[in-house]
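Trainee: Take a look and give me a structure for this.
(chains A and B)
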Protein chains: 2
Amino acid sequence: MLPAIVQDYTSNEVLMLAYINQVAWEKTLATGQAHYWSRSRNKLWLKGETSGHVQIIHQILVDCDNDTVVYKVEQLGEAACHTGHRSCFYRRVEGDGLVTDGVVVFDPELVYGRK
Amino acid sequence: MLPAIVQDYTSNEVLMLAYINQVAWEKTLATGQAHYWSRSRNKLWLKGETSGHVQIIHQILVDCDNDTVVYKVEQLGEAACHTGHRSCFYRRVEGDGLVTDGVVVFDPELVYGRK
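Mentor: Numbers count the residues shown, from 1 in each chain, chains lettered A, B, ... in the order given. Prediction:
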């Protein structure tokens, strides 16, 4: 299992980090849509399978140690995060706390039927 | 142990991925220089301790699940990768192989005294 950093292919904004295994990697290459291995559900996960917000692969980068990849993607539906934010990294460290900067693009209740 | 995605604070280029634990996190916050936990050496690692190419923290982002961070840094010495490339992600998938796109900024032999 390796981490995949997911980056917007135009702005270079980091949208999320997820994990891949051999099956997810091969499905991603074969379909051109980002697939991951869900560690919580322990199954192959087509990102966007519920929301329709799939990630179209534009480029894949591999690191020097062959143990991390970058997926440069076009994020359909504008948001990658299940909270409705564009990026999962919508909070920044400020002093001893976290400040929310990120934009909410959709209402998770409407997209997933639950918060 | 959590993954830290390291991004150039101006261009948003992803430079590397490394791992942090509580000690590395606290040293990073206290010093403003990126510290990691070296999984191969099993010790605290100030990035740049050998090369002098430290990473000055400009911003830290935290993801929705509190299990991944982004360090937005100024990379001194221009290169983050021990191979001398600016980014560890200097290769892209092309067909069945990998193509090298990234720029070599320094000669590792001169910086580390070995290839």
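Trainee: Any idea how many residues pack against the closest residue in space to A:I20 that isn't next to it in sequence?
Mentor: Once flanking residues are discounted, A:I20 sits nearest to A:A4: 4.9 Å by CB to CB, 6 or more residues apart in numbering or on different chains. In this view, the C-beta of every residue, glycine as well, is placed from N, C-alpha and C. Using other CB atoms under 10 Å in any protein chain shown, A:A4 is surrounded by 23 other residues.
Trainee: Could you name the specific helix or strand carrying A:A4?
Mentor: Per DSSP states H and E, A:A4 falls inside strand A:2-8.
Trainee: A:W37 now?
Mentor: Using DSSP H and E, A:W37 maps to strand A:35-38.
Trainee: How far away from the center of its chain is that strand?
Mentor: Computed by CA atoms, centre = their mean, to the nearest Å, the chain-centroid distance of strand A:35-38 equals 10 Å.
Trainee: which other helices and strands contact it?
Mentor: When contacts are defined as 3 or more CB pairs under 8 Å, 6 or more residues apart in numbering or on different chains; DSSP states H and E, strand A:35-38 packs onto strand A:14-20, helix A:22-31, strand A:43-46.
Trainee: hmm, back to that, now do the strand holding A:A4: which elements does it pack against?
Mentor: strand A:14-20, strand A:69-75, strand B:14-20.
Trainee: contacting residues for the closest residue to A:N21 other than its chain neighbours?
Mentor: Leaving aside its sequence neighbours, A:N21 sits nearest to A:W37 (CB to CB, 6+ apart; 4.5 Å). The contact partners of A:W37, by CB atoms under 8 Å, 6 or more residues apart in numbering or on different chains, come to A:1, A:19-21, A:23-24, A:43-45.
Trainee: mind running it again at 10 Å?
Mentor: Counting by CB atoms under 10 Å, 6 or more residues apart in numbering or on different chains, A:W37 touches A:1-2, A:4, A:18-25, A:43-45.
Trainee: hang on, the earlier thing: report the contact partners of the residue nearest to A:I20.
Mentor: Applying CB under 10 Å, 6+ apart, we find A:A4 in contact with A:16-20, A:24-25, A:28, A:34-37, A:60, A:68-71, B:17.
Trainee: 6 Å instead, please
Mentor: Listed by CB atoms under 6 Å, 6 or more residues apart in numbering or on different chains, the contact set of A:A4 reads A:18, A:20, A:69, A:71.
Trainee: Most widely separated two among the residues you listed?
Mentor: Within these, A:A18 and A:V69 form the most distant pair, 10.5 Å apart (CB to CB).
Trainee: which residue sits closest to the residue minimising distance to the centre of chain A in space, ignoring its chain neighbours?
Mentor: Among the residues of chain A, A:M16 comes closest to the average C-alpha position under CA atoms, centre = their mean, at 4.1 Å. Once flanking residues are discounted, A:M16 sits nearest to A:C88: 4.4 Å by CB to CB, 6+ apart.
Trainee: For the residue nearest to A:V23 when sequence neighbours are not counted, list each beta-bridge partner.
Mentor: Excluding its sequence neighbours, the residue lying closest to A:V23 (CB to CB, 6+ apart) is A:L44, at 5.6 Å. Beta-bridge partners of A:L44, counted by DSSP bridges, are A:W37.
Trainee: Would you check how far apart A:L44 and chain B are?
Mentor: 20 Å (CB to the nearest CB, to the nearest Å).
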